[in-house]
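S.K.: kindly return the folded structure for what I paste below:
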Amino acid sequence: MKNFRTLIISTAILFFYQTGTAQTDSTAVKKETPAATKTDADKDKKAVVKPYKDVITDKAVTDNGVIDVHKINDKYFFELPDNVLNKEFLMVTRLTKSAAGMRSGTTGYAGDQIGQKVIRFEKGPKDKILLRSVSYVDYAADSTSQMYQSVVRNNVQEIMMSFDVKAYGKGNKSSVIDVTDVLNADNEMVSFGATVKDNFKVGAFQKNMSFVNYVKSFPTNVEINTTKTFSKTTGRAATPVPGAIVPKVSGNYTVEINSSFVLLPEDKMQARYFDPRVGYFTVGYTDFDLDPQGVKRVNLIKRWRLEPKPQDVEKYNRGELVEPAKPIVFYIDPATPPKWVPYLMDGVNDWQKAFEKAGFKNAIVAKIPNAKTDPEWSLEDARFSAIVYKPSDVPNASGPSISDPRTGEILESHINWYHNVMLLLRNWYFVQASPIDPKARKMEFDDKLMGELIRFVSSHEVGHTLGLRHNFISSATVPVEKLRDKKWLDENGHTPSIMDYARFNYVAQPEDNITEKGIYPRIGDYDNWAIEWGYRRFFDLKTPDSEKSKLNQWVIDKTKNPRLLFGTESDTFDPRLQSEALGDNAMLASEYGLKNLKRIVENLEQWTATPNEDFTNLGMMYDQVTGQFKRYIGHVSKYIGGRYVTPKTAEQTGVIFETVSKKDQKEALSFLDKNVFQTPNWLLNKSIYEKTGKMPVKTVEDLQNTVFNRILSPMVLQNMYQMEAVGGANYSVIDYLSDLENVVFKNNDDIYSRNLQRNYVSSLSKLVDNRNNDQTDITAFVRGRLSDLKSRLTSKLKAGDQSSKYHYQDLIFRIEKTLDPKS
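M.R.: Alright, predicted model coming up:
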């Protein structure tokens, strides 16, 4: 059995020494002046290593840890023990206090990560300590091979900094370096990287207004906290315009930055290979000898190191639940409003049941930091994970994590919780659940309801920090009619995964009497399975390679249950993989959703009325309704020109790529005809327009153009064309364009239908102008369709009223201009 391949990091350093005194270049000899020689001598003299007591004097305030830190007046020294040299640290840099005016969108807040790098200290020549940046990009296993030597030669690690050794410790087993100038400077170790500076519009470093706050050392990490001041800048323009006037920006940004040096584990966690049928985030590298005839990209899943205590391994192997040697702990930011703390904690603790599937009890827990029980806790300390509450108007939350690039081991996470996420939750729940939950029929929810919504988002973001990606296929495995079945929903929930973007049950109708169990997302069958697959330990299998067959067969057996399927969030054509969608048939689910939206519009003025305030809420929630409607038509539109993709290994039967049936594509077109192309009059509420100033024609036109932008896009027609070549009962491009035209030109009795037809012709004209279509029959099909339409419209010129006549003349003019631009 092969041992797990260790990532190879080249340590080749080329040193050039001048050992002779003879000069072959007489000119060079003449140019060397006594003054220059003296300067070199002075430099050498300054670099002379001194006795330890002369450098680390009795005035030193020492903080012992993985690297001893000595502070003497305003100077800082690192004492690096030899047993730390050549070991790798993960360097994580964060804003601990952000500058006024720096915030933009979801960035620029206290707690934001602004840098990450693997580093190591090593001895250099002439009493130097080198700081290297370590890259894990390429890998070769066999150290005796020529490929290994080539990889080493082409992966010399960057020297970031060089330090003079000021003194050696007792027995010459440690090296003392002065890091004062580095800590007070502007560099990636304690400040912004170049790219991040551009993003934050950070300008020149102001050294005279910058200083070190503290440096602390712990058993496995060092924390450096500094205050940095920079001039403001407008940043780089994405596309510079010649002669453009760039506005001047005055003033400074002052920030507090924390840099953590966290010692990476010597005892590396056993990695696990990524499987596209189970959704995990990954780290990876290019392997040059895994495939003897090429190269292979290797991806490892990101997960926490959960292991039984040594005395419990046998119990674990017998299938008994055991506590992990080191549980996953999330601390709640002390800045969090107290009334939301219990719900955020519940969102963390809800995952405990999932980890029991992997054999661990009490594997994850939320805590409130306590000075007595957690004396070393700090929000900035990279050893501690936290939910960080941010005073932001951004309606969002996110769950990033920091991991060991060698194995995928997650080391810590800071979940970003933006205050205004509550606005997002209020709007979502109102527009999706108010018809079936009376508690949602107002603009300010009760704390209990808002708390439960916070709990759901907390669980979702914690899921990301456990390594889990979004699973957009999950909700599509549920039959639509089950979303109206109270008993079934109480037992199963409306989606098998909280990692889906399923939000709330918009399919259920008021008469179904669904309870909260059938409305809110919750950790489900897929989540339990994904945690089991990622975290179950097999101690008889010692390497990732030895696990592959077992894990593969496990996935094959488990995913026979469709509720355990995973579907990526990035597929362009698979209608099962959609954000904010529910059920296995988007047409049916959206019909139910529209019934509820119509109920909301009928009551919108009453449910949004707020004493002593204007109609801002009415306008905002009306926009939420149209936005939700737009989601429904987006879900349906993806069926047209769609295909299903189901990843499989060689041991599985069945197809991977499958075209959406012609029947389902025609059903989608029929839905769009009924609900979008035929004017949605239910949305055109006169009273709402009179109070908000919303423009009805624009509202409808935006919805219809949303459809055209999808179903008449080059990528959709190209995909239909390619699927047509495969054969079978696929929907041909010609038949589809003909059916679509008949739907669009069903009537033209009002301004909405005439706008629809104009936008349809405009969309076809853009297809003719798209050069990517010239390599297929699509341009010919579209030109032919326009030509036939011209004849059809010409025959109608004498019929109808004056509005229709002018409308047809205009369409004919547009078509002629497309078919013959010179005319």
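
S.K.: show me where pLDDT drops low in the stretch 651-800 of the chain?
M.R.: 728-729, 770-775 (pLDDT under 70).

S.K.: show me where it has its strands.
M.R.: Ranges of strands within the stretch 651-800 of the chain are 657-659, based on DSSP state E, counting those that start in this stretch.

S.K.: show me where it has its helices.
M.R.: Per DSSP state H, counting those that start in this stretch, the stretch 651-800 of the chain carries helices over the ranges 662-672, 686-692, 696-711, 714-726, 733-744, 751-769, 778-794.

S.K.: for the second one, buried residues please.
M.R.: This means helix 686-692. Going by neighbour count (16 or more other C-beta atoms under 10 Å), the buried part of helix 686-692 is Ile688, Thr692. Where C-beta positions appear, they are placed from N, C-alpha and C, glycine not excepted.

S.K.: helices or strands up against it?
M.R.: helix 586-608, helix 616-637 (3 or more C-beta pairs under 8 Å, 6 or more residues apart in numbering; DSSP states H and E).

S.K.: ditto for the fourth one
M.R.: Helix 714-726 is packed against helix 733-744, helix 778-794, with contacts defined by 3+ C-beta pairs under 8 Å, 6+ apart.

S.K.: export those to TSV and tack on distance to Leu264?
M.R.: Output for the helices and strands packed on helix 714-726, formatted as TSV (distance: least, C-beta to C-beta, whole Å):
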stretch	distance to Leu264
helix 733-744	55
helix 778-794	53
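
S.K.: right, so of these, which gets closest to Val313?
M.R.: Closest of these to Val313 is helix 733-744, at 60.6 Å (criterion: C-beta to C-beta).

S.K.: may I see the buried residues of the closest one?
M.R.: Going by neighbour count (16+ other C-beta under 10 Å), the buried part of helix 733-744 is Val733, Tyr736, Leu737, Asp739, Leu740, Glu741, Val743, Val744.

S.K.: ditto for stretch 719-736
M.R.: Asn719, Met720, Tyr721, Met723, Glu724, Asn730, Tyr731, Val733, Tyr736.

S.K.: end to end, how far does that stretch reach?
M.R.: Using C-alpha to C-alpha, to the nearest Å, one end of stretch 719-736 lies 13 Å from the other.

S.K.: domain-wise, how is this protein divided?
M.R.: Domain ranges of the chain: 31-263, 310-574, 585-711, 723-823, per automatic domain parsing.

S.K.: which of those domains is buried the deepest?
M.R.: Scoring the domains of the chain by mean neighbour count under mean count of other C-beta atoms under 10 Å gives domain 310-574 as the most buried, with a mean of 19.

S.K.: got the end-to-end distance for that domain?
M.R.: Domain 310-574 has an end-to-end distance of 46 Å (C-alpha to C-alpha).

S.K.: chain center to it: distance?
M.R.: Distance of domain 310-574 from the chain centroid (C-alpha atoms, centre = their mean, to the nearest Å) equals 15 Å.

S.K.: mind checking the pLDDT average for that domain?
M.R.: Average pLDDT, domain 310-574: 95.

S.K.: next one: stretch 61-76
M.R.: On average, stretch 61-76 scores 96.

S.K.: using CSV, list the CA coordinates for that stretch.
M.R.: The C-alpha trace of stretch 61-76 is given here as CSV (Å, rounded to 0.1, in the frame of the first residue of the first chain):
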residue,chain,number,x,y,z
VAL,A,61,9.7,42.0,28.8
THR,A,62,9.4,38.4,27.5
ASP,A,63,6.3,36.6,26.4
ASN,A,64,7.1,32.9,26.0
GLY,A,65,5.5,30.7,23.3
VAL,A,66,6.1,29.0,20.1
ILE,A,67,8.4,31.9,19.3
ASP,A,68,9.6,33.9,22.4
VAL,A,69,8.8,37.6,22.0
HIS,A,70,11.1,40.1,23.8
LYS,A,71,10.1,43.8,24.1
ILE,A,72,12.8,46.3,25.1
ASN,A,73,11.5,49.8,25.2
ASP,A,74,10.0,50.2,21.7
LYS,A,75,12.0,47.4,20.1
TYR,A,76,10.7,43.9,19.4
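
S.K.: in CSV: the helices of the stretch 651-800 of the chain, plus distance to Glu409.
M.R.: Putting these into CSV (distance: least, C-beta to C-beta, whole Å) gives the following:
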stretch, distance to Glu409
helix 662-672, 44
helix 686-692, 53
helix 696-711, 41
helix 714-726, 39
helix 733-744, 50
helix 751-769, 49
helix 778-794, 49
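
S.K.: quick one on the thing from earlier: out of the helices and strands packed on helix 686-692, which comes closest to Arg406?
M.R.: That would be helix 616-637 among the helices and strands packed on helix 686-692, by C-beta to C-beta, at 41.0 Å.

S.K.: for Lys117, grab phi and psi.
M.R.: Lys117 adopts backbone torsions of phi -160, psi 150, taken as degrees, to the nearest 10.

S.K.: one step back: what is the nearest of the buried residues of stretch 719-736 to Val322?
M.R.: Comparing those against Val322 with C-beta to C-beta picks out Asn719 as the nearest, at 50.2 Å.

S.K.: show the contacting residues for the closest one.
M.R.: Phe573, Gly641, Gly642, Arg643 (C-beta atoms under 8 Å, 6 or more residues apart in numbering).

S.K.: does Phe360 really touch Ile328, like I thought?
M.R.: No - assessed by C-beta atoms under 8 Å, Phe360 is found out of contact with Ile328, at 9.6 Å.

S.K.: find residues that contact each of those two.
M.R.: Shared contacts of Phe360 and Ile328 (C-beta under 8 Å, 6+ apart): Leu306.

S.K.: can I get the buried residues of helix 733-744 in TSV with distance to Glu658?
M.R.: Output for the buried residues of helix 733-744, formatted as TSV (distance: C-beta to C-beta, whole Å):
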residue	distance to Glu658
Val733	19
Tyr736	18
Leu737	23
Asp739	22
Leu740	23
Glu741	28
Val743	26
Val744	29
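
S.K.: now, among those residues, which is nearest to Lys123?
M.R.: Val733 (68.0 Å).

S.K.: identify the residues contacting stretch 690-702?
M.R.: For stretch 690-702, the surrounding residues in contact (C-beta under 8 Å, 6+ apart) are 605, 615, 618-619, 622, 626, 630, 679-680, 683-684, 688-689, 751-752, 755, 759.

S.K.: quick one: Val215 is in a helix?
M.R.: No - read with DSSP: H, G, I helix; E, B strand; the rest coil, Val215 is strand and lies in no helix.

S.K.: just the CA coordinates for stretch 87-107, please, in PDB.
M.R.: C-alpha atoms of stretch 87-107 as PDB (Å, rounded to 0.1, in the frame of the first residue of the first chain):
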ATOM      1  CA  LYS A  87       8.400  24.500  10.100                       C
ATOM      2  CA  GLU A  88       5.500  26.000   8.300                       C
ATOM      3  CA  PHE A  89       3.200  28.700   9.700                       C
ATOM      4  CA  LEU A  90      -0.100  29.800   8.300                       C
ATOM      5  CA  MET A  91       0.000  33.600   8.300                       C
ATOM      6  CA  VAL A  92      -3.500  35.200   8.500                       C
ATOM      7  CA  THR A  93      -4.000  39.000   8.500                       C
ATOM      8  CA  ARG A  94      -7.200  40.600   9.500                       C
ATOM      9  CA  LEU A  95      -8.600  44.100  10.100                       C
ATOM     10  CA  THR A  96      -9.500  44.300  13.800                       C
ATOM     11  CA  LYS A  97     -10.700  47.900  13.500                       C
ATOM     12  CA  SER A  98     -11.600  49.400  10.200                       C
ATOM     13  CA  ALA A  99     -11.300  53.000   9.100                       C
ATOM     14  CA  ALA A 100     -14.200  55.400   8.800                       C
ATOM     15  CA  GLY A 101     -15.200  55.600   5.200                       C
ATOM     16  CA  MET A 102     -13.300  52.500   4.100                       C
ATOM     17  CA  ARG A 103     -16.300  50.200   4.000                       C
ATOM     18  CA  SER A 104     -17.700  49.200   0.600                       C
ATOM     19  CA  GLY A 105     -20.300  46.500   0.100                       C
ATOM     20  CA  THR A 106     -19.300  43.500   2.200                       C
ATOM     21  CA  THR A 107     -15.600  44.500   2.700                       C
END
